[in-house]
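Q: Give me a model of this one.
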Amino acid sequence: MVKREETGDELRGYGLRIAQPLDGYRFSVDPLILCDFAGVREKQRVIDLGTGCGVIPLVLARQCGSATAVGVEFQEEMAALARRNVLLNGLSDRIEIVGADILSLRERFSSSTFDLVVANPPYRKAGTGRISPRPGRDRARHETTATLSDFLGMARYLVKPAGTIAFIHHPVRLAEFFTEAAALKLAPLRLRMVHGDDRAPARMFLLDLTKGRRGDMNVLPPLFVYGADGEYSEEMKRVLGEEDA
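A: The predicted model follows:
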């Protein structure tokens, strides 16, 4: 099921094989870090906003054998690829891929439908940063039809009261993120910064929020992707399922 213009990549720690475009958008460690941070629980219903090749629903399904997931992807070619990846890994009974813009989801789902909403959205505003010449990568990196406010607003609509919303995003957007969340009456519960190593500035942040309840925000210790030896840190090995590799 892996085509000539694709690669078949293994996430051995999760027992997954995932087809990805050779030249288009390819996932990094960010969605795996998000899955670990989000902490899916038994029998939860989860939705991933901007699923790409489907890596987040696939990993979450492997992390929790009774959870079900929906992945939403507006690029139809990527949605089709995500559907193939679901079939490739034998998870079509627990994962649905929806080819749609997130702005249209009110027509498909009732409010307060999901226990957990996750998103690894485009990090850059339209017209900012470096433009990739490779097909699909720029649309995955830069906001197009939906902005950060749209992603947060849809997450609020979809999540159940006292449910969890978990995002990974770029630190340059952190102040904006808090402003938008406050306007939507979403309470931040946990914040964690992600660094390349213990000498590098933060490259990402992880944040979870909830609606319908209040709580003090817990700022967690930072996550370092690499150790002093330049190899993955012990925590990253755990996130990747490679502790014994």
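Q: CA atoms for contacts and neighbours, from now on please.
A: Will do.
Q: in this structure, what secondary structure element scores lowest on mean pLDDT?
A: Sorting the helices and strands of the chain by mean pLDDT, DSSP states H and E puts helix 137-141 at the bottom, at a mean of 49.
Q: Direction included, what does the strand ranked longest in the chain pair up with?
A: The residue-count maximum for a strand in the chain (DSSP state E) belongs to strand 159-169. Using DSSP bridges, the strands paired with strand 159-169 in its sheet are strand 114-119 (parallel), strand 202-210 (antiparallel).
Q: For Phe37, find the nearest of those.
A: Phe37 lies closest to strand 202-210 among the strands paired with strand 159-169, at 7.4 Å (C-alpha to C-alpha).
Q: just checking, next helix/strand downstream of the closest one?
A: Downstream of strand 202-210, the first helix or strand assigned by DSSP states H and E is strand 218-219.
Q: so what does that next one touch, helix or strand wise?
A: Counting contacts by 3 or more C-alpha pairs under 8 Å, 6 or more residues apart in numbering; DSSP states H and E, strand 218-219 packs against strand 187-195.
Q: So which residues of the protein form helices?
A: Secondary structure of the chain by DSSP state H: the helices cover 30-38, 55-63, 76-88, 137-141, 148-158, 174-183, 234-240.
Q: Out of these, which is the most enclosed?
A: Per-stretch averages of neighbours, counted by mean count of other C-alpha atoms under 10 Å, single out helix 55-63 among the helices of the chain, with a mean of 23.
Q: Which elements pack onto it?
A: strand 16-21, helix 30-38, strand 45-49, strand 68-73, strand 95-99.
Q: okay if I get the strands paired with strand 159-169 as CSV plus mean pLDDT and distance to Ala19?
A: Formatted as CSV, those follow (pLDDT from 0 to 100; distance: least, C-alpha to C-alpha, whole Å):
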stretch, mean pLDDT, distance to Ala19
strand 114-119, 98, 20
strand 202-210, 97, 25
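Q: Just name the most buried of these.
A: Using mean count of other C-alpha under 10 Å, strand 114-119 ranks as the most buried of these, with a mean of 25.
Q: Off-centre distance for that strand?
A: Offset of strand 114-119 from its chain centre (C-alpha atoms, centre = their mean, to the nearest Å): 10 Å.
Q: would TSV of the strands paired with strand 159-169 with distance to Gly13 be doable?
A: What follows is those, written out as TSV (distance: least, C-alpha to C-alpha, whole Å):
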stretch	distance to Gly13
strand 114-119	21
strand 202-210	22
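Q: which stretch among the ones you listed comes nearest Ala162?
A: strand 202-210 (5.7 Å).
Q: The closest one versus strand 187-195: what angle between them?
A: 160 degrees (axes from the mean of the first three to the mean of the last three C-alpha atoms, to 10 degrees).
Q: Go ahead and name everything in contact with strand 202-210.
A: For strand 202-210, contacts defined as C-alpha atoms under 8 Å, 6 or more residues apart in numbering pick out 34, 37-38, 161-171, 174, 186-196.
Q: Between the helices of the chain, which has the poorest mean confidence score?
A: With a mean of 49, helix 137-141 has the lowest mean pLDDT of the helices of the chain.
Q: where's Ile33 relative to Asp23, distance?
A: 23 Å (C-alpha to C-alpha, to the nearest Å).
Q: For Glu5, grab the count of nearby residues.
A: Other residues lying near Glu5 total 11 when counted by other C-alpha atoms under 10 Å.
Q: Next: Val46.
A: The number of residues packed near Val46 is 27, by other C-alpha under 10 Å.
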